[in-house]
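Asker: turn this into a model:
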Amino acid sequence: MLREHNKFFIRSHRFLDICLTIAAFFGAYCIKKYLMPEPYRGMEMDTNYYILFLLIIIIWYLIFHLFRLYSSYRKKTFPRIFWDTIRAVSTGGTILILLMYFLKVANISRIWLCMFFILNTGLLVASKGIVYKLLINIRKKGFNFRNVLIIGRKQRAIDVIDAIGEELGAGFRVIGCIDTNKDDIQKEVKYGIRIIDSIKNLEKVLSENVVDELIFAMPLKIIENADKYIALAEDMGVPVRIIPDWQLYHLMYRPGKATITFENFMNIPTMALSTTPPNRGELFIKGLTDYMLAGLWIILFLPVFAAIAIGIKLFSRGPVFYTQERCCLNGRRFKVYKFRSMAVGSEFAQKTLEDRNETDGPAFKIKNDPRIIPFVGTFLRKTGLDELPQLFNVLKGEMSLVGPRPPIPGEVKKYDMWQRRRLSMKPGLTCLWQVAPRRNDILFEDWMRMDLQYIDNWSLVLDLKILISTARAVLTGTGR
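Answerer: Modelled structure (predicted):
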């Protein structure tokens with residue numbers, strides 16, 4: 001599935017814009033040199049044009065990032081994208097002209113410069129129109145949706161429903177509304193969208209449904225203990241939007257974990273609270289690194305893949321690979337790939353071993369598990385190499401190299417409210433818990449807190465430290 005926030009897509013989009021800018025540079029040169037009528041025809045490419053070329057690449061790259069041309073298209077209309085592009089090129093052009101003046105870059109054709117700006121703007125707008133239309137068509141076919149839960153049922157809620165209904169290509173889907181009056185449950189709000197529960201059961205609704213955004217579309221002052229529900233969503237890692245009249249001041253609520261931004265949501269001004277890392281630049285590098293390293297490691301570890309496959313076949317009947325349903329971002333489900341380290345049907349034998357579980361909480365782990373394949377299975381579990389096929393999950397965009405480990409749905413159902421926030425970030429092959437000393441003896445609650453610590457303190461440096469520690473853990477065989 002193509003994800004708009006997929007870092008590979010953003011990287012490709014940025015690369016396309018730079019290529020189009022280069023094409024505009026040389027296109028304007030060819031038009032000026034060969035196609036212009038006399039006496040304007042002709043062009044000499046002296047040293048100053050090479051300096052100008054370098055300045056344009058650097059300035060345009062930074063300006064495109066500054067104007068957030070690669071932020072989510074689902075929350076923008078095409079006119080907004082059009083004007084953002086115009087503003088970005090105009091700002092870049094102004095900076096370029098000022099630098100030409102201060103650096104004394106002379107002998108530049110003004111006709112060529114005007115043609116470059118016009119051609120560059122036209123190519124960028126056309127390409128973004130194509131990308132915008134492509135994403136709309138993909139979403140209209142039911143892919144890449146974000147589920148929205150609305151609190152409220154009156155005009156503000158109807159405005160949000162109308163805005164989403166008019167922009168199906170934006171990729172939002174209203175799963176229902178909840179209200180303060182439990183007597184209104186199952187009443188229709190609009191377009192078949194119904195009130196699915198009372199706000200008093202918000203925790204239950206968020207736990208049992210995939211909710212990507214929670215929108216408060218009613219005055220917060222009429223919701224009893226509204227700050228409690230905002231804090232609840234914050235603790236569970238669900239992004240929150242509040243339709244004005246900006247009642248956080250009225251509540252004297254101060255987010256403990258979330259960052260606050262002011263955004264347009266389908267042309268409706270909102271205040272957004274998000275608990276995921278806000279650094280888009282570093283997140284881009286993280287995503288790019290995921291794809292590059294996953295692809296490289298799959299190639300380098302092909303001999304290891306083959307050796308493990310042979311070992312599994314020698315010591316156990318059944319398939320080499322094992323797939324299991326796990327939960328990822330906001331509770332979505334996907335199939336995780338692993339090398340099979342247990343006998344076929346071992347998951348059905350777990351109930352007979354529940355009394356030997358050595359960890360607390362909903363997780364299950366025991367020493368000397370009788371279901372493990374002799375020799376090979378033990379080796380895979382101790383080194384963690386049974387997780388190696390999850391590199392393919394990384395390439396599919398379902399996982400990252402570093403992040404909270406993806407839980408099975410049965411565990412998630414037993415989570416406390418605050419533990420669900422670990423689902424607010426893409427799961428990973430390795431995490432803080434897996435590289436901790438005596439990790440097999442860590443209590444379940446401490447494990448959860450370590451995952452939240454990773455989310456709250458995430459950085460590229462932290463990811464690098466975890467990857468290095470993971471390599472050490474694989475070599476020393478400290479797993480189980």
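Asker: show me where the chain has its strands.
Answerer: Secondary structure of the chain by DSSP state E: the strands cover 146-151, 172-179, 188-190, 193-198, 213-216, 240-242, 259-265, 268-274, 321-327, 333-339, 400-402, 428-430.
Asker: show me where the stretch 201-350 of the chain has helices.
Answerer: Counting by DSSP state H, counting those that start in this stretch, the segments of the stretch 201-350 of the chain that form helices are 202-208, 226-236, 248-251, 280-300, 302-315.
Asker: which helix in this structure runs the most residues?
Answerer: helix 110-140 (DSSP state H).
Asker: what angle do that helix and strand 172-179 make?
Answerer: 60 degrees (axes from the mean of the first three to the mean of the last three CA atoms, to 10 degrees).
Asker: where's helix 110-140 relative to the chain centroid, distance-wise?
Answerer: On the basis of CA atoms, centre = their mean, to the nearest Å, helix 110-140 sits 25 Å off its chain's mean C-alpha point.
Asker: now it: buried residues?
Answerer: Neighbour counts over helix 110-140 (16 or more other CB atoms under 10 Å) mark 112-113, 115-117, 119-121, 123-125, 127-128, 131-132, 135-136, 138-139 as buried. For glycine as for every other residue, the C-beta is placed from the backbone atoms N, C-alpha and C.
Asker: and if you look at stretch 211-230?
Answerer: Buried residues in stretch 211-230, counted by 16+ other CB under 10 Å: 211-220, 223, 226-227, 229-230.
Asker: farthest pair within those?
Answerer: The distance between the two most remote of those (CB to CB) is 23.8 Å, for 212 and 219.
Asker: picking up where we left off before, just the helices of the stretch 201-350 of the chain: most buried one?
Answerer: Of all the helices of the stretch 201-350 of the chain, helix 226-236 has the most neighbours on average by mean count of other CB atoms under 10 Å, namely a mean of 21.
Asker: how far is that helix from where the chain is centred?
Answerer: 22 Å.
Asker: just checking, what packs against it?
Answerer: For helix 226-236, the packing partners by 3 or more CB pairs under 8 Å, 6 or more residues apart in numbering; DSSP states H and E come out as helix 202-208, strand 213-216, strand 240-242, helix 248-251, strand 268-274.
Asker: and these, which one averages the lowest pLDDT?
Answerer: When those are ranked by mean pLDDT, helix 248-251 comes last with a mean of 47.
Asker: check the offset of stretch 50-64 from the chain's centre.
Answerer: Distance, centroid of stretch 50-64 to centroid of chain: 29 Å (CA atoms, centre = their mean).
Asker: would you mark the buried spots in it?
Answerer: 52-53, 55-56, 59-60, 63-64.
Asker: hmm, who's touching that stretch?
Answerer: 14, 17-18, 21-22, 25, 70, 88-89, 91-92, 95-96, 99-100, 103, 105, 108 (CB atoms under 8 Å, 6 or more residues apart in numbering).
Asker: ChimeraX command for the buried members of those?
Answerer: Per 16+ other CB under 10 Å, the buried members of the contacts of stretch 50-64 correspond to this ChimeraX selection:
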select :14,17,21,25,70,88,89,92,96,100,105
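Asker: looking at the contacts of stretch 50-64, which are in helices?
Answerer: Checked against DSSP H, the contacts of stretch 50-64 include these in helices: 14, 17-18, 21-22, 25, 88-89, 91-92, 95-96, 99-100.
Asker: what's the span of stretch 32-44, first residue to last?
Answerer: One end of stretch 32-44 sits 10 Å from the other (CA to CA, to the nearest Å).
Asker: show residues contacting that stretch.
Answerer: When contacts are defined by CB under 8 Å, 6+ apart, stretch 32-44 is touched by residues 29, 109, 111-112, 115.
Asker: save those residues as a markdown table, and put in pLDDT too.
Answerer: Conversion of these to a markdown table gives the following (pLDDT from 0 to 100):
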| residue | pLDDT |
| --- | --- |
| 29 | 87 |
| 109 | 86 |
| 111 | 89 |
| 112 | 89 |
| 115 | 91 |
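Asker: find the pair from those with maximum spatial separation.
Answerer: Pairwise over those, using CB to CB, the maximum falls at 29 and 111, 11.1 Å.
Asker: so residue 240 bridges to which residues?
Answerer: On the basis of DSSP bridges, residue 240 takes part in beta bridges with residue 214, residue 273.
Asker: count the neighbours of it for me.
Answerer: Residue 240: 24 surrounding residues under other CB atoms under 10 Å.
Asker: could I get the helices of the stretch 201-350 of the chain in CSV, plus columns for distance to residue 242?
Answerer: Below are these laid out as CSV (distance: least, CB to CB, whole Å):
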stretch, distance to residue 242
helix 202-208, 15
helix 226-236, 8
helix 248-251, 7
helix 280-300, 22
helix 302-315, 49
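Asker: to residue 461, which of those lies closest?
Answerer: Of the helices of the stretch 201-350 of the chain, nearest to residue 461 by CB to CB is helix 280-300, at 9.7 Å.
Asker: name the helices or strands packed onto the closest one?
Answerer: Helix 280-300 packs on helix 7-30, helix 390-395, strand 400-402, helix 460-476, going by 3+ CB pairs under 8 Å, 6+ apart.
Asker: out of the ones in helices among the contacts of stretch 50-64, which is nearest to residue 238?
Answerer: Among those, residue 14 lies closest to residue 238 (CB to CB), at 29.3 Å.
Asker: point out where the stretch 301-450 of the chain drops to low pLDDT.
Answerer: 345-370, 440 (pLDDT under 70).
Asker: how about a cut-off of 90?
Answerer: 301, 313-320, 322-324, 327-334, 340-387, 395-398, 403, 405, 407-426, 430-450 (pLDDT under 90).
Asker: swap in the stretch 101-250 of the chain?
Answerer: Using pLDDT under 90, the stretch 101-250 of the chain drops low at 101-112, 127-148, 150, 152-176, 179-250.
Asker: what about 50?
Answerer: Residue ranges of the stretch 101-250 of the chain with pLDDT under 50: 247-250.
Asker: hang on, isn't residue 233 packed against residue 240?
Answerer: Yes. Shown here, residue 233 and residue 240 form a contact pair, counting by CB atoms under 8 Å, at 5.0 Å.
Asker: residue 193: how many residues sit nearby?
Answerer: 20.
Asker: separation between residue 318 and residue 374?
Answerer: 14 Å (CB to CB, to the nearest Å).
Asker: brain fart, residue 40
Answerer: In this view, residue 40 and residue 374 are 83 Å apart by CB to CB.
Asker: cool, and residue 197?
Answerer: Applying CB to CB to residue 197 and residue 374 gives a distance of 50 Å.
Asker: same deal with residue 41?
Answerer: Distance from residue 41 to residue 374, by CB to CB: 81 Å.
Asker: same question for residue 446.
Answerer: 32 Å.
Asker: hmm, back to that, now tabulate the ones in helices among the contacts of stretch 50-64 in JSON lines and tack on pLDDT and distance to residue 156.
Answerer: Shown next, in JSON lines, are the ones in helices among the contacts of stretch 50-64 (pLDDT from 0 to 100; distance: CB to CB, whole Å):
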{"residue": "14", "pLDDT": "85", "distance to residue 156": "36"}
{"residue": "17", "pLDDT": "91", "distance to residue 156": "37"}
{"residue": "18", "pLDDT": "91", "distance to residue 156": "42"}
{"residue": "21", "pLDDT": "93", "distance to residue 156": "42"}
{"residue": "22", "pLDDT": "93", "distance to residue 156": "47"}
{"residue": "25", "pLDDT": "92", "distance to residue 156": "48"}
{"residue": "88", "pLDDT": "88", "distance to residue 156": "33"}
{"residue": "89", "pLDDT": "89", "distance to residue 156": "37"}
{"residue": "91", "pLDDT": "87", "distance to residue 156": "35"}
{"residue": "92", "pLDDT": "88", "distance to residue 156": "39"}
{"residue": "95", "pLDDT": "88", "distance to residue 156": "41"}
{"residue": "96", "pLDDT": "88", "distance to residue 156": "45"}
{"residue": "99", "pLDDT": "86", "distance to residue 156": "47"}
{"residue": "100", "pLDDT": "86", "distance to residue 156": "50"}
